[in-house]
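Asks: Structural data only, the sequence is not supplied:
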């Protein structure tokens, strides 16, 4: 493994990147606002699981394909953006039902949030590019562990750190939701707000040049 100084720098840098507000935090908060805290937690788990796809791809060198084939990067990016926009419209159009005007049964919403989030993360090529650009700065070709194993270990730490930041957003958003839960009108407003955030994230992803 890299030296202690490099690892310390890695942990500090990762924490800074993780806790700077970004799309994953907004996504987790949006799912929480629209579907409740448990769905937000499941969305965070889905993002986390999807992140390991990119970690494995980076370790195997597959993520370099996005650099080598710009058309592939663009296609995956637009597909992911379209999926986010579709999710946003789906949340906004969902009919409220049950006590407090909740849009759907919570358990069903949580399962859906999980699978949607895995898909969203897997279809985000910017995550793949981040791992390819970030992790090599902290690997050591002369270390006892092979580089691919260093990628796996460091990538796992990055994924866990980013997920911890997403969890903070879920609990903050959940606190707001719990106060407004009894009001059907307020719940509907949160549902629309969550959908709007997802649409905005999709548009932002589509229009970004890199």
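Replies: Good, I have the coordinates. The structure presented is a predicted model; accordingly, all values stated were derived computationally and were not measured.

Asks: And the longest helix anywhere in the chain, what does it pack against?
Replies: When the chain is scanned for its longest helix (criterion: DSSP state H), the result is helix 147-180. If contacts are counted by 3 or more Cβ pairs under 8 Å, 6 or more residues apart in numbering; DSSP states H and E, helix 147-180 sits against helix 4-19, helix 23-35, helix 37-60, helix 125-134, helix 184-207. (Glycine included, C-beta is placed from N, CA and C.)

Asks: so of these, which one's packed in deepest?
Replies: helix 23-35 (a mean of 27; mean count of other Cβ atoms under 10 Å).

Asks: can you state the direction angle for that helix and helix 37-60?
Replies: Here the directions of helix 23-35 and helix 37-60 differ by 150 degrees (axes from the mean of the first three to the mean of the last three Cα atoms, to 10 degrees).

Asks: from the middle of its chain, how far away would helix 23-35 be?
Replies: 9 Å (Cα atoms, centre = their mean, to the nearest Å).

Asks: go on, stretch 134-154?
Replies: 24 Å.

Asks: ok, residue 201 to residue 28 distance?
Replies: Distance of residue 201 to residue 28, computed by Cβ to Cβ, to the nearest Å: 11 Å.

Asks: Any idea which of the helices and strands packed on helix 147-180 gets closest to residue 118?
Replies: Of all the helices and strands packed on helix 147-180, helix 37-60 sits nearest to residue 118, with 4.4 Å by Cβ to Cβ.

Asks: Give me the helices and strands touching that closest one, please.
Replies: helix 23-35, helix 106-122, helix 125-134, helix 147-180.

Asks: Let me have these in CSV, extended by distance to residue 57.
Replies: Below are the helices and strands packed on helix 37-60 laid out as CSV (distance: least, Cβ to Cβ, whole Å):
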stretch, distance to residue 57
helix 23-35, 18
helix 106-122, 10
helix 125-134, 6
helix 147-180, 10
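
Asks: To residue 12, which of those lies closest?
Replies: Among the helices and strands packed on helix 37-60, helix 147-180 sits nearest to residue 12 (Cβ to Cβ), with 10.7 Å.

Asks: Which positions in that closest one come out as buried?
Replies: By neighbour count with 16 or more other Cβ atoms under 10 Å, helix 147-180 contains the buried residues 150-152, 154-155, 157-159, 161-163, 165-167, 169-170, 173-174, 177, 180.

Asks: which residues sit in contact with the residue sitting furthest away from the middle of the chain?
Replies: Seen from the C-alpha centroid of the chain, the residue lying at the greatest distance (Cα atoms, centre = their mean) is residue 142, 32.9 Å away. For residue 142, the contact set (Cβ atoms under 8 Å, 6 or more residues apart in numbering) is empty.
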